[in-house]
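Enquirer: After the sequence you'll find the predicted model.
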Amino acid sequence: MIYYIPEGHGCAYSIDTEGELFYTPLNTNNELKLEETDFVDDYDEEVKEIHQQLIEMYKIAGLYFKN
């Protein structure tokens, strides 16, 4: 899984192989709290850009399979 951790968000973002966007909160040591991973349901422009960057990374890695 590829994670994108933008400054100031307090979480990491990832997608599944079909492009569904998830977020995982970070603890105070900037470690992923995997048990709290959830779907992103509120997209602002910055989150849309992060989503698109993740899709591009997954395509390069051969892990994105949505048509």
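Expert: Thanks, I have the structure now.

Enquirer: okay, and for this protein, where does confidence drop off?
Expert: 67 (pLDDT under 70).

Enquirer: which residues in it form strands?
Expert: Remark: strands assigned in the chain by DSSP state E are 11-15, 21-25, 38-39.

Enquirer: Report the inter-axis angle for the first one versus strand 21-25.
Expert: When you say that, I think you mean strand 11-15. Strand 11-15 and strand 21-25 meet at an angle of 150 degrees, taking axes from the mean of the first three to the mean of the last three Cα atoms, to 10 degrees as the criterion.

Enquirer: May I see the buried residues of strand 11-15?
Expert: Cys11, Ala12, Tyr13, Ser14, Ile15 (16 or more other Cβ atoms under 10 Å). Any C-beta I mention is one placed from the backbone N, CA and C, and that applies to glycine too.

Enquirer: Can you report how many residues neighbour Ala61?
Expert: 9 (other Cβ atoms under 10 Å).

Enquirer: ok so, going back, could you check the strands of the chain and tell me which one is nearest Glu46?
Expert: strand 11-15 (10.5 Å; Cβ to Cβ).

Enquirer: Just the residues contacting that closest one, thanks.
Expert: 1-6, 21-26, 32, 37, 40, 47, 50-51, 54-55, 58, 64 (Cβ atoms under 8 Å, 6 or more residues apart in numbering).

Enquirer: hmm, 6 Å instead?
Expert: 1, 3-5, 21-26, 32, 50, 54 (Cβ atoms under 6 Å, 6 or more residues apart in numbering).

Enquirer: And for stretch 45-52, what's in contact with it?
Expert: Residues outside stretch 45-52 that contact it (Cβ under 6 Å, 6+ apart): Tyr4, Tyr13, Leu21.

Enquirer: Next, the buried residues of it.
Expert: For stretch 45-52, burial by neighbour count (16+ other Cβ under 10 Å) applies to Val47, Ile50, His51.

Enquirer: list the contacts for Met1?
Expert: Counting by Cβ under 6 Å, 6+ apart, Met1 touches Ser14.
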